[in-house]
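In: coordinates only, sequence not included:
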């Protein structure tokens, strides 16, 4: 929430005491008729129910069956898919990989995005239109081309990165066979594609921070760095939370980049960069075990829920301490 | 020099000039961001065996237009595919912004029963892996007779949980309650308040959301590949995929197609970029 | 000025006019050739046949030929990745009852095991009759290599697809490098020197011993990837992972089939002998390596020759083709099927039977290098006598003909791909040094294959 000059909540006209009915939305404007809320949200919910939720719910129900979709065979098996999943080393492998990739991609990316936005935010920046357009170039570059380009860059014998590594006197790194090395390769693909995108989000948020705050800070003698920490960052608190949550949800479901690197759904010959959604897809479209894939889907959802919640509370606490 | 308008020229905020280090970082990021795109052009213009050259050529070659003609030979409807992508992307962007703003406003500024659960529900739905729904969604779309039409891409994408979440954040942050209170006291209804007050304020953030929606639609690959059969109905990503030959990969052809499919968007962004900057900067002055 | 005169003239000109009209009617040009190239959906005069393939299974020159034969048919071709086409695509369409099915779908042989378990997703081609000649699949069967034909036969004997090309498998090698290191380099000598897999591995060891230390450090080796040996050996047997028991599930025999263990052990032996560079096929390192002589040997299906020509034009004349150890081999190939939701089944069948007939397959070979699966061509001098200058004028036609004749039909089952991946994974573990004990790796491969359901 931006630190607008008029702090929230303080300007509500004093209302007569009402029996406290905990409001669904404490930030609402009380004089606006809340009933409209149903109408305004209806289009979203209706369409989402039909096209977003229904297909997934159908598949989720399959988690309790042993299914052969093409033969039309549906055997209810209760929790068997889940018990099998719990004992499946491939699942835990995918889980560990997913978390690893998520950590080494999300944290540097958010830091870089904020830094980038800060530079772009500066009104003295020359050529800002140009720089801002560049931000989105990775995002519009065709996925097919990226597969080829990054596949080349990370080649063990002749890839450009390894040539540089070799020139510096080190041994070539196998970015595809290695576990950590493949995670680094994937993380760099994610960072490459999404840093500019997130920088734009942060930039939009930074521009919403009133300049008076900067003015008063600099008049108080705060230098560039201090202004950043005491004006910019707090103003970005909500945005950081937002980006982190979306980044968590997206990051834990990372799919395209490992698929691009490996070329198939197995996530490398020994599953060294198999991720949760890749594993789901593998079970769904290679193994055709739709019941099992659905169980994986439910597991992913639960994991994302837990991590997002933890994330949310941690961010709130840290940001709370700062301001 | 940027378009920043000083409110009080006598009291200049002490922005420091961007340091050399800052420009260096920008230059580095630009290089890294653009390089793959440039590399596509190099390979397309030099020929397939360029991929195998060590050290690689870093300058464009003479064969670009030959490769381009091969692309159109392989897929005469290539331009149509780009247009289709623009068409679908724009419709999806407009729809998503429209519906997300409505719902986001309701969640941010209105109070109605069950709201909190609905918000959590929206966030929850973002956590479901979309890959699960493919088969059922395909069946739904086929029942609506939309297979092999652009409608199959547009209809399922009219709303997005991310958009609602985004709009709620944005409206919460940028629209002061006092403003709406004042309007409501003046007799404005909810819809009037929404239309005349909220929308103008969130214009540039809406634009950013629209941009993201457009990009997501543009980049979508798996689903369009699944539902589109006739080359004239393809989108850009499916079209580039069409350039595959049997088992081998004609790198020059693929890169040529990929380059051609990215270029119009890049050019568009250069123009849109100016508007984006101006729009955002205007917002900054207002805020 | 008599009536007679007028009449004559009138009659004359009338007759002349009538004749002219009549002549026009008789001599008018054959009905105007309809142009359907712009059609995107069926009209009164045009039928659009939708075809889904991975890459150029349907070659452009023949599309033009067919248009001349049948201008009222528009071939609308969609190309995609193999997994997207044969996996996700066909599967989703069949699950939706055939909605969205193209009229013709190419099914690659690595997927044949799976789709043979679900013949209900396709039209049984034994029930189709060509418009000309009234031919069904049963009539066409004799035209094709028996083991290639099997890839298109369901577990219940329904014919779901007709074979396109045959990959075959021989060995492409750099004769100039063999010569450089003092090894036999003429193709007959080479073929004899490695006519078994153990001799092949020894040959490789010999080659490796001639390399300098700096060569080895730069990861230069004998063959590109020893992993390619596994499927090659497996295909040289009579059984693989399954036995057909007339049910859609088939009988799994991969745990007890000795051929599986033999294939695995041979590959591991090659790996332990260090003769492979461990570069993945079709990776960028592999493309570069082809040009630079990083590896001297590749197991090569017929269609690979074109690939080498495209990727490494600078090596022209330096390659040759020798026989593969152990007899023949195969990599790649596909069947053309008519999915059950096809809207133009008759036109599809007419096209398929035309496109895959020996005459057309010969033309495809001449223009595009894809090897025919029709044995009647194997005595055709155009095919058998074909020599390729890029490959040192090797008589590639004859070499591949000899090779493909040696294979036996092998029944593939539903979990073929899954098991292949599990075993391939196990081999990788050893090849990349992650598992030293090959027996443990084999056990892991089998255990993972067990998880395929």
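Out: Looks like it came in fine. Just so you know, these numbers come straight off a predicted model, no measurement behind them.
In: got a list of what residue 41 touches?
Out: Using chain A here. Applying Cβ atoms under 8 Å, 6 or more residues apart in numbering or on different chains, we find residue A:41 in contact with B:102, B:103, B:106, B:107, B:118. Placement of C-beta: from N, CA and C, glycine included.
In: should've been chain C
Out: By Cβ under 8 Å, 6+ apart, residue C:41 lies in contact with B:230, C:48.
In: switch the cut-off to 10 Å
Out: Residues near residue C:41 by Cβ atoms under 10 Å, 6 or more residues apart in numbering or on different chains: B:148, B:230, B:232, C:47, C:48, C:50, C:74, C:76.
In: just the closest of those to chain A, please.
Out: Ranked by distance to chain A (Cβ to the nearest Cβ), the contacts of residue C:41 are led by residue B:148 at 17.7 Å.
In: what secondary structure does the closest one sit in?
Out: Using DSSP: H, G, I helix; E, B strand; the rest coil, the three-state assignment for residue B:148 comes out as coil.
In: thought residue B:238 was touching it, still the case?
Out: No: Residue B:148 is not in contact with residue B:238 according to Cβ atoms under 10 Å; the separation is 11.4 Å.
In: and for those two, which residues touch both?
Out: Both residue B:148 and residue B:238 are contacted by B:227, B:228, B:229, C:78, under the criterion Cβ under 10 Å, 6+ apart.
In: could you say which helix or strand holds the closest residue to the first one other than its chain neighbours?
Out: I take that to be residue B:227. Nearest in space to residue B:227, with sequence neighbours left out and distances taken as Cβ to Cβ, 6 or more residues apart in numbering or on different chains, is residue B:152 at 4.3 Å. Following DSSP states H and E, the helix or strand that holds residue B:152 is helix B:151-154.
In: select only the buried ones of the shared contacts of residue B:148 and residue B:238 in PyMOL?
Out: Command for PyMOL, covering only those of the shared contacts of residue B:148 and residue B:238 found buried under the criterion 16 or more other Cβ atoms under 10 Å in any protein chain shown:
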select buried, (chain B and resi 227+228+229) or (chain C and resi 78)
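In: so who does residue C:322 touch?
Out: C:170-173, C:175, C:178, C:184-195, C:297, C:300, C:394, C:399.
In: next: residue B:243.
Out: Taking Cβ under 10 Å, 6+ apart, we find residue B:243 in contact with A:144, B:70-71, B:74-75, B:78, B:249-250, B:252-258, C:55, C:79.
In: please say which of residue B:148 and residue B:238 ends up with more neighbours.
Out: More neighbours sit around residue B:238 than around the other of residue B:148 and residue B:238, counting by other Cβ atoms under 10 Å in any protein chain shown; the figures are 27 against 22.
In: A strand includes that one, no?
Out: No: secondary structure of residue B:238, determined by three-state DSSP: helix, with no strand assignment.
In: residues in contact with it?
Out: Here residue B:238 is in contact with B:75, B:81, B:84-85, B:220-221, B:223-229, B:231, C:78-80, C:84 (criterion: Cβ under 10 Å, 6+ apart).
In: tell me which element the nearest residue to residue B:131 once chain neighbours are set aside falls in.
Out: Across the structure, with Cβ to Cβ, 6+ apart as the measure, the residue nearest residue B:131 apart from its sequence neighbours is residue A:281 (5.5 Å). Remark: residue A:281 resides in helix A:276-285, with elements defined by DSSP H and E.
In: also residue B:138?
Out: Secondary structure from DSSP H and E places residue B:138 in helix B:134-143.
In: how many degrees apart are that helix and helix A:276-285 in direction?
Out: Calculated by axes from the mean of the first three to the mean of the last three Cα atoms, to 10 degrees, helix B:134-143 forms an angle of 60 degrees with helix A:276-285.
In: can you count the residues close to residue A:38?
Out: Under the neighbour criterion other Cβ under 10 Å, residue A:38 is assigned a count of 16.
In: should've said residue A:303
Out: Other residues within reach of residue A:303 by the criterion other Cβ under 10 Å amount to 17.
In: I'd assumed residue C:207 was in contact with residue C:179.
Out: No: under the criterion of Cβ under 10 Å, residue C:179 makes no contact with residue C:207, lying 11.7 Å away.
In: who's more crowded, the two?
Out: Counted by other Cβ under 10 Å, residue C:179 and residue C:207 do not tie: residue C:207 has more neighbours, with 20 against 13.
In: and that one, what does it touch?
Out: Residue C:207 makes contacts with C:173, C:177, C:178, C:181, C:183, C:221, C:222, C:223, C:275, C:296, C:297, as judged by Cβ under 10 Å, 6+ apart.
In: the strand or helix carrying it: how far from the chain's middle?
Out: Using DSSP H and E, the secondary-structure element containing residue C:207 is helix C:197-209. Computed by Cα atoms, centre = their mean, to the nearest Å, the separation of helix C:197-209 from the middle of its chain amounts to 30 Å.
In: swap in stretch B:105-121?
Out: Averaging C-alpha positions (Cα atoms, centre = their mean) puts stretch B:105-121 27 Å from its chain's average.
In: ok, now stretch C:217-224?
Out: Here stretch C:217-224 shows a centroid-to-chain-centroid distance of 29 Å under the convention Cα atoms, centre = their mean.
In: can you tell me if it touches chain A.
Out: Yes: applying Cβ under 10 Å from any Cβ of the partner chain, one finds that stretch C:217-224 is in contact with chain A at C:217, C:218, C:219, C:220.
In: buried ones in the helix or strand where residue C:190 lies?
Out: With secondary structure defined by DSSP H and E, residue C:190 is part of helix C:187-193. The neighbour-count check on helix C:187-193 (16+ other Cβ under 10 Å) flags C:187, C:190, C:191, C:193 as buried.
In: residue C:106 in helix, strand or coil?
Out: When the structure is reduced to helix, strand and coil (three-state DSSP), residue C:106 reads as strand.
In: just give the number of residues close to it.
Out: 24.
In: for the stretch 151-300 of chain C, list the residues in contact with chain B, please.
Out: C:164-165, C:167, C:282, C:284-292.
In: list the residues that contact residue 231.
Out: In the absence of a named chain, this looks at chain A. Under the criterion of Cβ under 10 Å, 6+ apart, the contact list for residue A:231 reads A:3, A:206, A:209, A:210, A:211, A:213, A:214, A:215, A:216, A:217, A:218, A:222.
In: please refer instead to chain B.
Out: Per Cβ under 10 Å, 6+ apart, neighbours of residue B:231: B:74-78, B:80-81, B:238-239, B:242, C:40, C:50, C:76-79.
In: filter those residues down to just the ones in strands.
Out: Counting by DSSP state E, the contacts of residue B:231 place C:50, C:76, C:77, C:78, C:79 in strands.
In: which of those residues come close to chain B?
Out: C:50, C:76, C:77, C:78, C:79.
In: quick one, helices of the stretch 1-150 of chain B?
Out: Assigned by DSSP state H, counting those that start in this stretch, the helices in the stretch 1-150 of chain B fall at B:20-46, B:64-74, B:78-109, B:115-126, B:134-143.
In: buried ones in the shortest one, by neighbour count?
Out: Of all the residues in helix B:134-143, those buried under the rule 16+ other Cβ under 10 Å are B:134, B:135, B:136, B:137, B:138, B:139, B:140, B:141, B:142.
In: show me how far that helix is from its chain's centre.
Out: The chain centre lies 25 Å from the centre of helix B:134-143; the measure is Cα atoms, centre = their mean.
In: if anything else comes up later, I'll come back, but that's it for now.
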